[in-house]
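Undergrad: I would like to see how this sequence folds:
(2 chains)
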Number of protein chains: 2
Amino acid sequence: MDYQFSSGISSLRPSAIREILKNSGDSIPLSAGNPAPDAFPVSDVQRIANQVLEEEPILALQYGITEGYAPLINEITNIAHSRYGVGSDNDGVIVVSGAQQVMSLLSHVFVNNGDTIICEEPAFIGALNCFRAFGAKLVGVPVEGDGMNVDVLEEKLKSEKNVRFIYTIPNFQNPAGATMSLEKRKRVYELAKKYGVLVLEDNPYGDLRVSGEDLPAIKSFDTEGLVVYSGSFSKIIAPGIRIGFTVAPKEIIAKMTVAKQTQDVHTPMLTQLIVYRWLKEGNLDPHIEKIRGIYRRKLNLMCDTMDEYLTDYLTFLRPEGGLFVWAEMNEGIDMLSFVKNASANGVSVVPGNAFLTDGSAPCDYIRLNFSTPSDEDIVKGIKLLAQTAKEMR
Amino acid sequence: MDYQFSSGISSLRPSAIREILKNSGDSIPLSAGNPAPDAFPVSDVQRIANQVLEEEPILALQYGITEGYAPLINEITNIAHSRYGVGSDNDGVIVVSGAQQVMSLLSHVFVNNGDTIICEEPAFIGALNCFRAFGAKLVGVPVEGDGMNVDVLEEKLKSEKNVRFIYTIPNFQNPAGATMSLEKRKRVYELAKKYGVLVLEDNPYGDLRVSGEDLPAIKSFDTEGLVVYSGSFSKIIAPGIRIGFTVAPKEIIAKMTVAKQTQDVHTPMLTQLIVYRWLKEGNLDPHIEKIRGIYRRKLNLMCDTMDEYLTDYLTFLRPEGGLFVWAEMNEGIDMLSFVKNASANGVSVVPGNAFLTDGSAPCDYIRLNFSTPSDEDIVKGIKLLAQTAKEMR
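TA: A predicted model of the protein is given here:
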């Protein structure tokens, strides 16, 4: 049969990343985005999973409510307030099946086919594809060293029609590694207010700061019910458990709950109960301290090695946290050829155009990840990139 | 702020069920749809969860691929073929976060705002709301004792525009309890072929047969790539783990995978690994035998008690399996008043209009569930319904 797919899904093109990295199975994966496995609290999860299934197996196995396990919602509400300064009496919290679901639910709730979403340029590919799947028109705003260009943002807010929300990762942005300055955070909120547009503030990496000072969330300025905050336990506990949350105005939470019910009814109870007990035991703060050490070591190892071997070939800003380094190839080295040659040499990185609203636009950037590979492979991988660049000169 | 929600989400009205059952907190829940907790393989899950987290913790906690854990997909492919007779070389399988996600993914992949989905009338409310959320026009086809009226189905296929798929639960339909005859299954497939329309065959209850003979799935006739089969472990293992699957033409599977990536990236690894090992150990067949005994006892207890106390007030067909009994109030008893009075008397049932494509249409039916309440509460609940009906005469 000749299938006629929906317009939103038809707009998704096959991933350029997948094509380029298809044959990179055995290479050093500087292209990945997985959190460091030695940062997972494995023995905690073992112990707690055992307790949950011994002490409340039926709760762990029976249907739960769509919003999430109520005591977990309470824990998250408290943490969101005390740790991130987000959430007011006007807001509610729901548990989601990984923070990706926040993007999907918010799109489902607000986006009609053809509506506009303003994104950072470059932006997280999983967000771009999610918005495309709901038929959104994507409008990019360049990311600078201190976050998105707010003057361009205002231009777009003036000129674009039916803008439903602004999507941003203010901390250690994926892929650009940039952290938005306090001044720009305030400006983004003021512009959202001025133009009556929502903000989706995605903060999957905020706790992985390895240098500098924490900055307030955009949501912390939200007196008007304009900001939807998305948080994740993927980089704090582990991604395979798929637990995230959102803090958003109650009226929006109600609609997102309805949308979630149509997607997956509720997030699995077992994994919710594990996260609940882990938080309740007070593990969050000491664990974050511990894993910041791991990420600090890996980030610095990659950047130091890049400083040693790659400065003739590319330029980058050292990020203050997160998982990624965003590097611009120096003139004379074609980015796409470099990525292909590097893959042939045994190291994979992601071509930057994968993160653009228009993937066919010219782009000189690559994204490197330091959390997935071992320390040894980070060094090996960077040396292979240097060798590749040298061969191309 | 004055939020402008998407047209699909705006079309969802607040649940009539919730309103009516709001104050039924302490009443006997003949309104529920939870599987029987004594049918959960609790000690298996305890033991296997422990093994998984001891033996392969990183696999259980790290990101997985969107399609699902490959060995689980293999197990499911084999079971789908051997047990349900579904799946050909033209088909693929993916693991989903509960069978509800199949409806959501298929809608996402095929439905543009205003397209038509043909549903059984009455139909599962979670499906109707999912389709509504994607802006679908719902067209109902009456369910008879032996499944949907196929003549009306053909009329609708002739007269309706942009029909994307036919949604059916052929076994022990929710809420009507009806099982589609073999003849009608063949006819539905032939009509799908004739009119070039897909079929979404949802089979969450098929293993819970307590009398009669298993019938072939519609998917088992699928030589043309027209049928998307949806299966669930919610009623076999437990619903709180949120593991379902779909067997569908590979081209559709590819698009559903893309859509799933935008919704939740992948289904949690821990719960996938638990289900994988449980299946691999060969627990499926003996466990189904065991739980059929539990469901047979509860179904017969409810129907026998209804025969004893309720025949003056309502009429029903004894289902051959599933979780529900669908009963029509006899003339002279207003259905909605009966449901409200029953709730006041301490027993809750669901008003049938909740399951209609047009919830405001007249309806004389109620849905009763026998899997959630204890055996004692089943008897008490039916007696309270009889008392309620008597008071109304």
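
Undergrad: by contact count, what packs against the top helix by length along chain A?
TA: Assignment by DSSP state H gives helix A:284-309 as the longest helix of chain A. Contacts defined by 3 or more Cβ pairs under 8 Å, 6 or more residues apart in numbering or on different chains; DSSP states H and E place helix A:284-309 against strand A:314-316, strand A:324-329, helix A:375-392. (Glycine included, C-beta is placed from N, CA and C.)

Undergrad: residue A:146 is in contact with residue A:179, correct?
TA: Yes: using Cβ atoms under 8 Å, residue A:179 makes contact with residue A:146 at a distance of 7.3 Å.

Undergrad: and the two? Which one has more around it.
TA: residue A:179 (25 against 14; other Cβ atoms under 10 Å in any protein chain shown).

Undergrad: quick check, the more buried one in a strand?
TA: No: using DSSP: H, G, I helix; E, B strand; the rest coil, the assignment for residue A:179 is coil, not a strand.

Undergrad: mind listing the helices in the stretch 51-200 of chain A by residue range?
TA: With DSSP state H, counting those that start in this stretch applied, the stretch 51-200 of chain A shows helices at A:57-61, A:70-84, A:100-110, A:125-133, A:150-159, A:182-195, listed in chain order.

Undergrad: kindly format the C-alpha coordinates of the fourth one as PDB.
TA: What that stands for is helix A:125-133. Taking C-alpha atoms only, helix A:125-133 is exported to PDB below (Å, rounded to 0.1, in the frame of the first residue of the first chain):
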ATOM      1  CA  ILE A 125      18.100  18.100  17.500                       C
ATOM      2  CA  GLY A 126      15.600  16.100  19.500                       C
ATOM      3  CA  ALA A 127      13.700  19.400  20.200                       C
ATOM      4  CA  LEU A 128      13.800  20.500  16.600                       C
ATOM      5  CA  ASN A 129      12.500  17.200  15.300                       C
ATOM      6  CA  CYS A 130       9.700  17.200  18.000                       C
ATOM      7  CA  PHE A 131       8.600  20.600  16.900                       C
ATOM      8  CA  ARG A 132       8.800  19.700  13.200                       C
ATOM      9  CA  ALA A 133       6.600  16.600  13.900                       C
END
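
Undergrad: any idea of the mean pLDDT for that helix?
TA: Helix A:125-133 shows a mean pLDDT of 96.

Undergrad: so is that helix next to chain B?
TA: Yes: on the criterion Cβ under 8 Å from any Cβ of the partner chain, helix A:125-133 is in touch with chain B at A:126, A:129-130, A:133.

Undergrad: how about TSV for those residues, with neighbour count added?
TA: As requested, those are exported to TSV (neighbours: other Cβ atoms under 10 Å in any protein chain shown):
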residue	neighbour count
A:126	18
A:129	18
A:130	28
A:133	27
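
Undergrad: pipe those into a markdown table and attach distance to residue A:221 per row.
TA: Converted to a markdown table, the residues of helix A:125-133 next to chain B look like this (distance: Cβ to Cβ, whole Å):
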| residue | distance to residue A:221 |
| --- | --- |
| A:126 | 26 |
| A:129 | 29 |
| A:130 | 25 |
| A:133 | 30 |
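
Undergrad: so which bits of the stretch 51-200 of chain A are right by chain B?
TA: Counting by Cβ under 8 Å from any Cβ, the stretch 51-200 of chain A comes close to chain B at A:53-54, A:57-64, A:97-98, A:100-101, A:103-104, A:108-113, A:126, A:129-130, A:133, A:196, A:198.

Undergrad: show me what contacts the residue nearest in space to the middle of chain A?
TA: By Cα atoms, centre = their mean, chain A has its centre lying nearest to residue A:204, at 5.0 Å. Contacts for residue A:204 (Cβ atoms under 8 Å, 6 or more residues apart in numbering or on different chains) come out as A:99, A:169, A:174, A:230-232, A:234-235.

Undergrad: and the pLDDT for it?
TA: Listed pLDDT for residue A:204 reads 97.

Undergrad: residue A:1 too?
TA: pLDDT, read off for residue A:1, is 84.

Undergrad: next one: residue A:18
TA: For residue A:18, the model assigns a pLDDT of 63.

Undergrad: can you tell me the helix or strand for residue A:259?
TA: Using DSSP states H and E, the element containing residue A:259 is helix A:250-264.

Undergrad: do the same with residue A:231
TA: Residue A:231 belongs to strand A:227-232 when assigned by DSSP H and E.

Undergrad: so what are the sheet partners of that strand and their directions?
TA: Strand pairing for strand A:227-232, using DSSP bridges, gives strand A:198-202 (parallel), strand A:244-249 (antiparallel).

Undergrad: what's the angle from it to helix A:182-195?
TA: 130 degrees (axes from the mean of the first three to the mean of the last three Cα atoms, to 10 degrees).

Undergrad: strand A:227-232 vs helix A:100-110, what angle?
TA: Relative orientation of strand A:227-232 and helix A:100-110, computed by the same axes, to 10 degrees: 150 degrees.

Undergrad: starting at the chain centroid, how far to strand A:227-232?
TA: Averaging C-alpha positions (Cα atoms, centre = their mean, to the nearest Å) puts strand A:227-232 11 Å from its chain's average.

Undergrad: for the record, mean pLDDT for it?
TA: 98.

Undergrad: closest one of the residues of helix A:125-133 next to chain B to chain B?
TA: Nearest to chain B among the residues of helix A:125-133 next to chain B: residue A:130, at 3.9 Å, using Cβ to the nearest Cβ.

Undergrad: the nearest residue to the residue nearest to the centre of chain A once chain neighbours are set aside: neighbour count?
TA: Leaving aside its chain neighbours, residue A:204 sits nearest to residue A:232 (4.3 Å; criterion: Cβ to Cβ, 6 or more residues apart in numbering or on different chains). As a burial measure, residue A:232 scores 23 neighbours (other Cβ under 10 Å).

Undergrad: mind checking how far residue A:232 is from residue A:205?
TA: Separation of residue A:232 from residue A:205 (Cβ to Cβ, to the nearest Å): 9 Å.
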